[in-house]
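Participant: structure here, sequence nowhere to be found:
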């Protein structure tokens, strides 16, 4: 499958998009006790199936058993904290997974999807819209979690750290170097033998945490700066660094762990000349030998 940008004519964003797995179904009556025991021993909660990327969706007496367990990911917004806007790049950060889990909430309008849980990478306004004016923010009424607690106005965000479950998803958070003012973490989401990483904004992730990146089906990361150096600043008092990594650095960091990367959270460089910007991304992808897609508002991806 190829991806096409809705506003880019016939220009490919990637030459080989995600492959859709088939859904094989056998009647429950044909499943032997031995087979059933084997499947139970390798359920998604215990890791990948020994049959490869096909995992057990459920064992439910009297029902057919689907083997594929793809996650459906919808990119809701791709614009960073910048004044520029363009068709298909006008909404700020948000990702919806299987219609149940939302990662970041950059726009109030994303609440129309009514996810069961919301998990933030960090609480900057373009990732958590309500932080702009918490006293006048609407009632959300959905459990929300982030790298630090938040309690202002009627908004409550509980701290989520390390690993655990949110609904039907296994979550692992990874500390990220990005900001001096708020805590930040990347998020690995797992379900049915599939795993993807969403970094949010980042300058760096300490190498000790890279061990969690093995065999990622997809990485969704940021595109704030196309220049190699990104934007790195250092606090004069503490010496701590903060900022954003460049796109080339991010692609090089994650290419050893995945064959698919989607960029979101774009800076002004893409809006100045989108055709030229996409070519730059393609050059960086070719250099690392990995598929990289320039994400857009509304892009849907399966893993």
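Facilitator: All right, it came through fine. Only a predicted model underlies this, so the values are computations on that prediction, with no experimental measurement involved.

Participant: who's in contact with residue 286?
Facilitator: Not one residue lies near residue 286 by Cβ atoms under 8 Å, 6 or more residues apart in numbering. (Each C-beta comes from the backbone N, C-alpha and C, glycine too.)

Participant: is it part of a helix or strand, or is it coil?
Facilitator: Secondary structure, DSSP: H, G, I helix; E, B strand; the rest coil: residue 286 is helix.

Participant: what's the pLDDT at residue 69?
Facilitator: We have a pLDDT of 74 for residue 69.

Participant: chain center to stretch 130-141: distance?
Facilitator: 24 Å (Cα atoms, centre = their mean, to the nearest Å).

Participant: contact partners of that stretch?
Facilitator: Applying Cβ under 8 Å, 6+ apart, the contact partners of stretch 130-141 are 105, 108, 111, 118, 123-125, 129, 150, 152-155.

Participant: okay, now the unreliable bits of this protein?
Facilitator: 1-68 (pLDDT under 70).

Participant: just give me the residue closest to the centre of it.
Facilitator: Computing the C-alpha centroid of the chain and ranking residues by Cα atoms, centre = their mean puts residue 198 first, at 3.2 Å.

Participant: surely that one and residue 101 touch.
Facilitator: No. At 10.5 Å, residue 198 does not count as touching residue 101 under the criterion of Cβ atoms under 8 Å.

Participant: overlap in contacts, the two.
Facilitator: With Cβ under 8 Å, 6+ apart, residue 198 and residue 101 have common neighbours residue 189.

Participant: so what's the residue nearest to the centre of the chain bridging to?
Facilitator: Under DSSP bridges, the beta-bridge partners of residue 198 are residue 187, residue 220.

Participant: quick one, what contacts it?
Facilitator: Counting by Cβ under 8 Å, 6+ apart, residue 198 touches 95, 103, 121, 186-187, 189, 220-221.

Participant: mind telling me the two of these farthest from one another?
Facilitator: Within the contacts of residue 198, 189 and 221 form the most distant pair, 13.9 Å apart (Cβ to Cβ).

Participant: residue 143 and residue 111, how far apart?
Facilitator: Distance, residue 143 to residue 111, using Cβ to Cβ, to the nearest Å: 13 Å.

Participant: among these two, which residue is more densely surrounded?
Facilitator: residue 111 (18 against 15; other Cβ atoms under 10 Å).

Participant: quick one: secondary structure of the residue nearest to that one when sequence neighbours are not counted?
Facilitator: Nearest residue to residue 111, sequence neighbours excluded (Cβ to Cβ, 6 or more residues apart in numbering): residue 140, at 6.5 Å. Secondary structure assignment for residue 140 (three-state DSSP): coil.

Participant: what is the burial count for residue 140?
Facilitator: 16.

Participant: the one 10 residues further on now?
Facilitator: Neighbour count for residue 150, taken as other Cβ under 10 Å: 21.

Participant: and if you look at residue 163?
Facilitator: Counted with other Cβ under 10 Å, residue 163 comes out at 12.

Participant: how much space separates it from residue 188?
Facilitator: Distance of residue 163 to residue 188, given as Cβ to Cβ: 9 Å.

Participant: so what sits against both of the two?
Facilitator: Shared contacts of residue 163 and residue 188, defined by Cβ under 8 Å, 6+ apart, are found at 171-173.
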